[in-house]
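In: When you get a sec, could you give me coordinates for this:
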Amino acid sequence: MPGKTTVARLYGKFLSSVGVIPGSHFEETTGSRLAHDGIQGAQTLLDNLLKSGGGVFFLDEAYQIVSGSSLGGSQVLDFLLAEIENLTGKVVFVFAGYRKQMEAFFAHNPGIPSRIPIRLDFEDYKDHELLQIMRHAISKKYSGRMAIEGGPGGLYMRIAARRIARGRGREGFGNAREVHNVLDTLLRRQADRLHKSRRKGETPDDLLLTKIDIIGPEPSRAIAANEDWQRLQKMIGLKSVKQSIQVLIDRLQTNYERELNEQPLVECSLNKVFVGNPGTGKTTVAKHYGKILAALGLLSNGEVIIKNPADFVGSALGQSEKNTKAILEATKGKVLIIDEAYMLGSGLSGTGGVSDPYKTAVIDTIVAEVQSTSLEDRCVLLLGYQSLMEDMFQKVNPGLARRFPMSSAFVFEDYDDLELRSILDLKLKQQGFRAGEATKKAVISVLARARNRPNFGNAGEVDIVLDQAKERQQKRLAEVTGPKKTDWLAPEDVDPDFNRLERAETNIKMLFKDVVGCEEVIQKLEEYQQLVQNMKGEGFSDADVRAQVPFGLLFRGPPGMLYLLSSAYLSVCCKLMRF
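Out: Okay, the predicted model is just below:
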């Protein structure tokens, strides 16, 4: 609601000028401050007004006086309601606040509407009014000396005003304050441009706001030389993620061009869902993503803040809302990561079922506070496993899915063997270790077996394997006399049983030495053994090899024979497939 304080001051001066009140002194406070100061604080403000001959008692954010859990605020309000009647003709009481919250304020005491009968609704400023405020602010700040490319009412200034107006209707929209915040951003861009220009030996005009200053750089050009964009492109794998970010940048470029043609924009949200297993680069990509958005002028900061659900959930009613609002406010201009976000859906049973009020409050507050626009100056990312995230969205406030659509989620796929090999080479170089081809193959085989287990750690799994290999290397070197290659990892450091496939050649007949009449089974297993060896020799991955060996079989026969056959078969498969 724009201009409340200004109008209140003018209203007091008007009443004083026509003789309704004896003076026009102005005392201003807020609901929270007055609740803290108590009745004595309210009495002090009223005494100041009376000593000055009367005037206006202005209580901003009036709803805060009854929003706390203590009785102090309610007692102060009851005191003020009595003083409104006692000081008629001397003091004018003006209460201001957001529409929704003020409804709760009026409902607190049935006597409030009768004592405060006049209600003025302040509508958000229209586009042309925001433009006028911006022009006036620039003119006042620079005494009319600042030139503007395209003119004060030209295309670029109209675009800036429309961007501000896109927040209109949202709770907390700052109107004139929002204009001044945007103006600060424009002047920062101008300062950066002037600084770079002077470093090149140029003499730019300090009293000129250019197109780039006003509406920012063209996305496609701004991203081309961006270091974080280049680093992202050099990251191993992540093909799907890179494509998703490119699509976003293309959308931003399209909207930039549509703005220049004064056409409606295609909706585009910076808030995203990142889904994938651990170690797939979600947090690293989020950091690059934030800096890319800052370079495009969509975030004023770009810093990444990581939180988990426990940081939001309170231990008492109302605490979750307070925690969530505080975190969202503190991450204005930044990237907020909610890691393992699916935990906000745990304990919830969906529509009509039992729900956790504390977690529900977090979700509802996020839905209320986070918008789906690219001009919000905040980016919220929800990270987690894909199946668990999808399950959460089915249980919680449906507004969350509208603000974080799974259809546009960034999907971080598990690394394949080739990508893991590249990660291994990179980590060996970073850690100052070397390894031969046999050692690297042993690492990839260990990782392939780990992939069969739940929650495969991807790049993190490489670190685990290398840490274990370095420990085994240390034990191995302790038994070596003479020169030692401390930077060299051997295959047995990675996997003490790394050559099980070669040793398995003579094991099959030995496994069945106590079983009579299994020649056909032995022959079949030896065929599988030869198939595995041939495929391994030709460079096929473990996944390709595994697809050729049957893991579902039907054994029919006497119980004792079935047990021996199944045990032997399992043992052979484990050796062949390196489980």
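In: drop to CA atoms for contacts and neighbour counts, all remaining ones
Out: Noted.
In: is it fair to say L59 lies in a helix?
Out: No: assignment of L59 by DSSP: H, G, I helix; E, B strand; the rest coil gives strand, placing it outside any helix.
In: Pairing partners for it in the sheet, please.
Out: T29, F95 (DSSP bridges).
In: was I right about F57 contacting E28?
Out: Yes: judged on C-alpha atoms under 8 Å, F57 makes contact with E28 at a distance of 6.3 Å.
In: More neighbours: which of these two?
Out: F57 (23 against 14; other C-alpha atoms under 10 Å).
In: Can you give me every residue that contacts that one?
Out: 26-28, 45-46, 49, 91-94 (C-alpha atoms under 8 Å, 6 or more residues apart in numbering).
In: Format these as JSON lines; extra columns: secondary structure, pLDDT and distance to I305.
Out: Shown next, in JSON lines, are the contacts of F57 (DSSP: H, G, I helix; E, B strand; the rest coil; pLDDT from 0 to 100; distance: C-alpha to C-alpha, whole Å):
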{"residue": "F26", "secondary structure": "strand", "pLDDT": "89", "distance to I305": "42"}
{"residue": "E27", "secondary structure": "strand", "pLDDT": "90", "distance to I305": "39"}
{"residue": "E28", "secondary structure": "strand", "pLDDT": "90", "distance to I305": "36"}
{"residue": "L45", "secondary structure": "helix", "pLDDT": "93", "distance to I305": "41"}
{"residue": "L46", "secondary structure": "helix", "pLDDT": "94", "distance to I305": "45"}
{"residue": "L49", "secondary structure": "helix", "pLDDT": "92", "distance to I305": "46"}
{"residue": "V91", "secondary structure": "strand", "pLDDT": "92", "distance to I305": "48"}
{"residue": "V92", "secondary structure": "strand", "pLDDT": "91", "distance to I305": "46"}
{"residue": "F93", "secondary structure": "strand", "pLDDT": "92", "distance to I305": "43"}
{"residue": "V94", "secondary structure": "strand", "pLDDT": "90", "distance to I305": "40"}
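In: Nearest to K475 among those residues?
Out: E28 (74.4 Å; C-alpha to C-alpha).
In: Go ahead and confirm that closest one touches G55.
Out: No: contact criterion C-alpha under 8 Å: E28 and G55 do not qualify, at 11.0 Å.
In: so where do the helices sit in the stretch 151-300 of the chain?
Out: 155-165, 176-199, 211-215, 219-224, 227-234, 239-260, 282-295 (DSSP state H, counting those that start in this stretch).
In: Also the stretch 1-150 of the chain?
Out: Going by DSSP H, counting those that start in this stretch, the stretch 1-150 of the chain shows helices at 4-17, 31-51, 72-86, 99-108, 112-115, 127-141.
In: so how far is D463 from A104?
Out: 55 Å (C-alpha to C-alpha, to the nearest Å).
In: try A176
Out: Using C-alpha to C-alpha, A176 is found at 53 Å from D463.
In: Between those two, tell me which one has more neighbours.
Out: Between A176 and D463, counting by other C-alpha under 10 Å, A176 is the more crowded of the two (20 against 17).
In: Next one, pLDDT for that one please.
Out: As summarised for this prediction, A176 has a pLDDT of 87.
In: Contacts made by stretch 30-41 with the rest, please.
Out: 42, 59-66, 72-76, 79.
In: try 6 Å
Out: 59-62, 64-65, 72-73, 76 (C-alpha atoms under 6 Å, 6 or more residues apart in numbering).
In: Repeat that for stretch 488-504.
Out: Contacts for stretch 488-504 (C-alpha under 6 Å, 6+ apart): 433-435, 439, 469, 472-473, 576.
In: From R378, how far out is the residue lying closest to V92 once chain neighbours are set aside?
Out: Nearest residue to V92, sequence neighbours excluded (C-alpha to C-alpha, 6 or more residues apart in numbering): V56, at 4.8 Å. Per C-alpha to C-alpha, V56 is found 38 Å from R378.
In: Having no further points to raise, I will conclude here.
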